[in-house]
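Student: My questions are about this predicted structure, shown below with the sequence.
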Amino acid sequence: MPSIWSLFLILILLAAAIHLIVDRKSLSRTRVLEILILWSLVIGFGVGGVFSFFGHTFMADEIAASIGWPAGNPFQQEVAFANLAIGVLGLLAFRFRDSFWLAAIIAGSVFFIGAGLGHLHQIYAYGNLAPNNAGMVLVFDIALPVALMLMYAALAVLRRKSPGSQDFTGAGEASGDTARRTA
């Protein structure tokens, strides 16, 4: 059975593909990147973060065992709320754009990459090859933030090169531009 993180990756790609098909008449490189970033944030950080919060909160012992942690780990509730914070940012990215996306990418990336480095430390220092320490979660923790950072940087470059494009740096936010698109 594939891991939940593999399913989240499939959901990101599926949602983006459907969105690209629906928007096919107005696609540009900029719009493709916007759609890929949108669904990576909403599903990868948003749904993934909320899902992780519920797991660490309501199935704490099972999740701990799947990571190779002892049951009753006192830090697990803190990890749950950190996941919830990233999840809320990811879900709000559906409504808000511009610098909000950048803030969500930075916050989510710090947490995800930090978790990924923690997984690597557990692997190398303690031989922890538990499925939710050394499996797809490790790939997801590193690859999703790196992909989001690269896509956001590419989008910023495209927007600077394209005259008349929306300002993705947040300068348009003073006029209420953060909610310019809902999908």
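Tutor: Thanks, I have the structure now.
Student: correct me, but residue 12 touches residue 40?
Tutor: Yes. Taking contacts as Cβ atoms under 8 Å, residue 12 lies within contact range of residue 40: 5.5 Å. Quick note: C-beta positions are derived from backbone N, CA and C, even for glycine.
Student: Look at those two and report which has more neighbours.
Tutor: residue 40 (28 against 22; other Cβ atoms under 10 Å).
Student: Just want the phi and psi numbers for the closest residue to residue 134 other than its chain neighbours.
Tutor: Distance criterion Cβ to Cβ, 6 or more residues apart in numbering; nearest residue to residue 134, sequence neighbours excluded, is residue 123 at 5.3 Å. The phi/psi pair for residue 123 (degrees, to the nearest 10) reads phi -70, psi -50.
Student: List the contacts of residue 123.
Tutor: Applying Cβ atoms under 8 Å, 6 or more residues apart in numbering to residue 123 gives the contacts 129, 133, 134, 138.
Student: if you look at those residues, which of them are in helices?
Tutor: Secondary structure from DSSP state H places 133, 134, 138 of the contacts of residue 123 in helices.
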